[in-house]
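**Student:** Sequence and predicted structure below; questions after.
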Amino acid sequence: MLINILLIFSAYLLGSVSTAIIVCKILGLPDPRTGGSGNPGTTNVMRLYGKKAAFLTLVGDIFKGIIPVLLAKVIVDSEFIIVICGLAAFLGHIFPIYFKFEGGKGVATLIGILFATHWLLGVSYIITWILSALIFRYSSLAALIAALPIPIYSYFIEHNNQYTIGFAVIAIILFWRHKPNIYNLLNGKEDKIW
């Protein structure tokens, strides 16, 4: 019981580490929350500071999802705890305790959680994102389109209702976090990738 609590709490604390802010600080760049969309995530860092900073942010945020889920898989034999650890890391990224609970939107951390759960889930998300981005040219829309089928994919890949419910909850939160982007998309104000 104690180990489960420690795993979940550690997942949240790791998720709360803002890669975007740390990367920008190391590279001598301004805090990404002070420019662009104000979001400490890969897309905003890319728009503000270019590919190098964005790539480092993306990798860090992905590993925030991978590490807690893999750790839970190694230590406990409970799909429920594994799912909760993934959710905790995701919520940590969105509501980081170190940064006044003002975080990113969770896309890169979700990708890490998907890869750690099953590599096919991660690959299916990325392929769907790329195709959607090429067709529509909106990063936010591609992220939302790619998130929609993940609960269904997880059901057929993992054959486990707990994973399906967990990813459905994450998808709902992801859509909620993208409310401003959805509003901008509907009103033709969302920035395109190119």
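**Tutor:** Right, received. Where do you want to start? Numbers count the residues shown, from 1 in each chain.
**Student:** List of residues touching the helix or strand of the chain with the lowest mean pLDDT?
**Tutor:** Least confident helix or strand, the chain: helix 42-49 with a mean of 90, by mean pLDDT, DSSP states H and E. Outside helix 42-49, the residues that touch it by C-beta atoms under 8 Å, 6 or more residues apart in numbering are 20, 23-24, 27, 29-30, 32, 35-38, 53-54, 57-58, 61, 107-108, 139-140, 191. Every C-beta, even on glycine, is put in place using the N, C-alpha and C of the backbone.
**Student:** Please list the members of the residues you listed that lie in helices.
**Tutor:** Residues from those lying in helices, with DSSP state H as the criterion: 20, 23, 24, 53, 54, 57, 58, 61, 107, 108, 139, 140.
**Student:** With pLDDT and distance to residue 169 as added columns, please give those in a markdown table.
**Tutor:** Formatted as a markdown table, those follow (pLDDT from 0 to 100; distance: C-beta to C-beta, whole Å):
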| residue | pLDDT | distance to residue 169 |
| --- | --- | --- |
| 20 | 94 | 24 |
| 23 | 94 | 28 |
| 24 | 93 | 30 |
| 53 | 94 | 31 |
| 54 | 93 | 28 |
| 57 | 96 | 25 |
| 58 | 95 | 23 |
| 61 | 97 | 19 |
| 107 | 95 | 16 |
| 108 | 96 | 18 |
| 139 | 90 | 23 |
| 140 | 92 | 20 |
